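**Q** Here is a sequence together with a model predicted from it:
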Amino acid sequence: MRRFLLATCLMGLTVPALAETASPVKIAEISARLYAMGVEAGDPLLILSAARLRKDLAPVVGTRAAVDGIAGEGAPLGWDEMLASAEALAGGDEALLGLIEDAKVEATKGVASGPVYNIGSLGNGKGDTYPPIEFRGGEYAEVYVEAKAAVNLNLAIYDDKGRLVCSDTDISHIAYCGWTPATPGTFTLKVDNKGPVAADYALMTN
């Protein structure tokens, strides 16, 4: 019981702090990683924390489609789907179920300028390249991709001279890149599905 109370208190402190200090795109990434950790560990408290972070996001569907890319269906993983997973793992634990119910009815604060996202679909071993996107100089730029399926998504960012400026190639269904352009310029985004199955994915930018 003491461990449960400590975890609950820490969750109450860290979730608001993250929501206030991190960007919407970073919050999307953190919530996805927390959710994956919670599912792997069978820990409903981790999943609940992920859901609370994601509930305060207000992503906007954008028009940034990949060149000759295939449109996907659906949306990024939702907080309600996360809470459903937490509920399934909570069993008959009334304290946990109470926290999950509180999260369901908790009013969302929203984010005035949430991450813009596009839903694409990639076959096993396929890649999407996006038309050059302009980012401001001196301001932190972020790109994030996320799939619901257990695939290996890789992300690479190239400047207008074709030089690699950022990449995330770890074996995961999510990938994040953040960098600060020295001057205003356009950058090309490439997403690769390294397998093992086809999957829809969400790409988010700030």
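**A** Looks like it arrived, so ask away. Numbering: from 1, shown residues only.

**Q** SS state for Ile171?
**A** Secondary structure, DSSP: H, G, I helix; E, B strand; the rest coil: Ile171 is coil.

**Q** how about the longest strand seen in the chain: buried residues?
**A** Counting by DSSP state E, the longest strand found in the chain is strand 185-193. With burial defined by 16 or more other C-beta atoms under 10 Å, the residues of strand 185-193 counted as buried are 185, 187-193. To be clear about C-beta, it is placed using only N, CA and C from the backbone, and glycine gets the same treatment.

**Q** Could you do stretch 164-182 as well?
**A** For stretch 164-182, burial by neighbour count (16+ other C-beta under 10 Å) applies to 165-166, 168, 172-178, 181.

**Q** and the end-to-end length of stretch 73-85?
**A** 21 Å (C-alpha to C-alpha, to the nearest Å).

**Q** Would you mind pulling the contact partners of that stretch?
**A** Stretch 73-85 is contacted by residues 28, 31-32, 35, 38-39, 44, 47-48, 50-52, 54-55, 59, 100, 103-104, 117, 119, 121, 146, 148, 200, 202, 204 when judged by C-beta atoms under 8 Å, 6 or more residues apart in numbering.

**Q** In PyMOL, select just the buried ones from these.
**A** Selection command for PyMOL covering only the buried members of the contacts of stretch 73-85, criterion 16+ other C-beta under 10 Å:
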select buried, resi 28+31+32+35+38+39+44+47+48+50+51+52+54+55+59+100+103+117+119+121+146+148+200+202+204
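
**Q** Let's see which of the contacts of stretch 73-85 end up in helices.
**A** With helices defined by DSSP state H, the entries of the contacts of stretch 73-85 inside them are 28, 31-32, 35, 38-39, 44, 47-48, 50-52, 54-55, 100, 103-104.

**Q** still on that earlier bit, determine which two of the buried residues of strand 185-193 are furthest apart.
**A** Greatest spatial distance in those: Gly185 and Asn193, 27.2 Å, computed using C-beta to C-beta.

**Q** Need the buried residues of stretch 164-182 in a markdown table (columns: pLDDT, distance to Ala65 and secondary structure).
**A** Below are the buried residues of stretch 164-182 laid out as a markdown table (pLDDT from 0 to 100; distance: C-beta to C-beta, whole Å; DSSP: H, G, I helix; E, B strand; the rest coil):
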| residue | pLDDT | distance to Ala65 | secondary structure |
| --- | --- | --- | --- |
| Val165 | 96 | 22 | strand |
| Cys166 | 96 | 21 | strand |
| Asp168 | 97 | 21 | strand |
| Ser172 | 94 | 24 | coil |
| His173 | 95 | 21 | coil |
| Ile174 | 95 | 20 | strand |
| Ala175 | 96 | 18 | strand |
| Tyr176 | 96 | 21 | strand |
| Cys177 | 96 | 19 | strand |
| Gly178 | 95 | 23 | strand |
| Pro181 | 93 | 23 | coil |
